[in-house]
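Novice: Quick one, what's the 3D model for this:
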Amino acid sequence: MPLSNQISDCGGSFLCVGCNRPQDRAVPGDRFTHCWKNDAVDERGHWDRRDLLDTVMVMTHALSQDENIRVAEGMTDEQMNEVVFTPD
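Specialist: Okay, here's the model as predicted:
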């Protein structure tokens, strides 16, 4: 049963989270199904609440860090797409 989904404007990608059936779970607590589909990828996995929360937290932090770097360096999104980050 879908809880939330997002389809790209061009229809080329789809992202969703929904509830799955208990009999379909390998891990009893993984009651959510996370789906990601585009022209290159078709993935689906069963996740628990903590998996979803931690994933959102990590993605939000990554976006914040990326934006902080972009603003601090005075770069555009196009310029950021060309940056190759290397470890110190």
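Novice: how about the strands of the protein, start to end?
Specialist: 2-7, 14-19, 32-37, 42-47 (DSSP state E).
Novice: so what's Val83 up against?
Specialist: Counting by CB atoms under 8 Å, 6 or more residues apart in numbering, Val83 makes contact with Met75. For every residue, glycine as well, the C-beta is placed using N, CA and C.
Novice: what do you get for Asn20?
Specialist: Counted by CB under 8 Å, 6+ apart, Asn20 has contacts 30-33, 46.
Novice: Make sure Asp39 is actually in contact with Gly12.
Specialist: Yes: with contact defined as CB atoms under 8 Å, Asp39 counts as touching Gly12 (5.9 Å).
Novice: Have a look at the two and say which one is more surrounded.
Specialist: Neighbours were tallied for Asp39 and for Gly12 using other CB atoms under 10 Å; the higher tally belongs to Gly12 (11 against 7).
Novice: Next up, the contacts around the more buried one.
Specialist: 38-39.
Novice: re the thing from before, same list, the contacts of Asn20, but as a markdown table with neighbour count please.
Specialist: A markdown table is the format used below for the contacts of Asn20 (neighbours: other CB atoms under 10 Å):
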| residue | neighbour count |
| --- | --- |
| Asp30 | 18 |
| Arg31 | 17 |
| Phe32 | 18 |
| Thr33 | 20 |
| His46 | 16 |
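Novice: Tell me the one of these nearest Pro2?
Specialist: Pro2 lies nearest to Thr33 out of these, by CB to CB, at 9.0 Å.
Novice: how close does that closest one get to Gly11?
Specialist: Remark: distance between Thr33 and Gly11 (CB to CB, to the nearest Å) = 21 Å.
Novice: Same check on Gly45?
Specialist: Distance from Gly45 to Gly11, by CB to CB: 23 Å.
Novice: Those two: which is more packed in?
Specialist: Neighbours were counted for Gly45 and for Gly11 using other CB under 10 Å; Gly45 has more, 12 against 7.
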